[in-house]
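Engineer: how does the following fold in three dimensions:
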Amino acid sequence: MLEGTILKIKTNEKKHNLEVIEGRISVITQNKSLKLLTINDKTADGDKLLVSRFLGDLKILNLGDFILKEYGVEPAMSKPDLIRSEFINKSDFISFTRHYFQDTKLYNRFLAAQAPLWKSEFLRQNNSQTKVLQRSIASEKEKTKREASIRAHEAAQLKKLRETFFYRTFSR
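Structural biologist: Now for the predicted structure:
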């Protein structure tokens, strides 16, 4: 928990809830048998998280898969609304994480440790997105082929109908 952070902790046998009212915290769970952990009523899906909340904006970065989830949190809302969830790029990662470290050397070590993990996750994300894109392109090509086939069939039917009409009208 960083200086100036306001945190409300609720815990019972089944659930641990951390409510970040304002500021930044880092959450590292080392006990795999930990009961359900929620942050501002959102289930924590990772064992290394960086959480930031200022005004009505809650951001949760999972350091396991480098997914940054951004929630809109207003006092009148009962539950936070997910605004966006996406893989964080390097510049956003650096600007988001730099506030969690007071010491530059420690921060540089953190970045050096995270760089290969980020790169491998980036390649994995890129491969899966490429596969999704290739599937959608193939699907679109197949759809275009089907539509062209239907149009050709309809054109053939129309031509046959015209020939039949011409034959019946002028051949007698």
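
Engineer: helices or strands up against the helix ranked longest in the chain?
Structural biologist: Longest helix in the chain by number of residues, with DSSP state H as the criterion: helix 104-170. Helix 104-170 makes packing contacts with strand 81-87, helix 90-97 when contacts are defined by 3 or more CB pairs under 8 Å, 6 or more residues apart in numbering; DSSP states H and E. Every residue, glycine included, has its C-beta placed from N, CA and C.

Engineer: ok and that helix relative to helix 90-97, angle-wise?
Structural biologist: Between the axis of helix 104-170 and that of helix 90-97 there is an angle of 140 degrees, by axes from the mean of the first three to the mean of the last three CA atoms, to 10 degrees.

Engineer: rewinding a little: and among the helices and strands packed on helix 104-170, the most buried is which?
Structural biologist: The densest packing among the helices and strands packed on helix 104-170, expressed as mean neighbour count by mean count of other CB atoms under 10 Å, is seen in helix 90-97 with a mean of 14.

Engineer: number of residues surrounding residue 41?
Structural biologist: Using other CB atoms under 10 Å, residue 41 has 13 other residues around it.

Engineer: quick one: pLDDT of it?
Structural biologist: The confidence metric pLDDT takes the value 76 at residue 41.

Engineer: wait, it sits on residue 17?
Structural biologist: Yes: between residue 41 and residue 17 a contact is recorded at 7.0 Å, counting by CB atoms under 8 Å.

Engineer: ok so, going back, out of the helices and strands packed on helix 104-170, flag the one nearest residue 141.
Structural biologist: Taking CB to CB as the measure, the helices and strands packed on helix 104-170 were each checked against residue 141, and strand 81-87 came out nearest at 27.3 Å.

Engineer: what's in contact with that closest one?
Structural biologist: Residues from elsewhere that reach strand 81-87 (CB atoms under 8 Å, 6 or more residues apart in numbering): 65, 66, 67, 68, 69, 70, 71, 72, 121, 122, 125.
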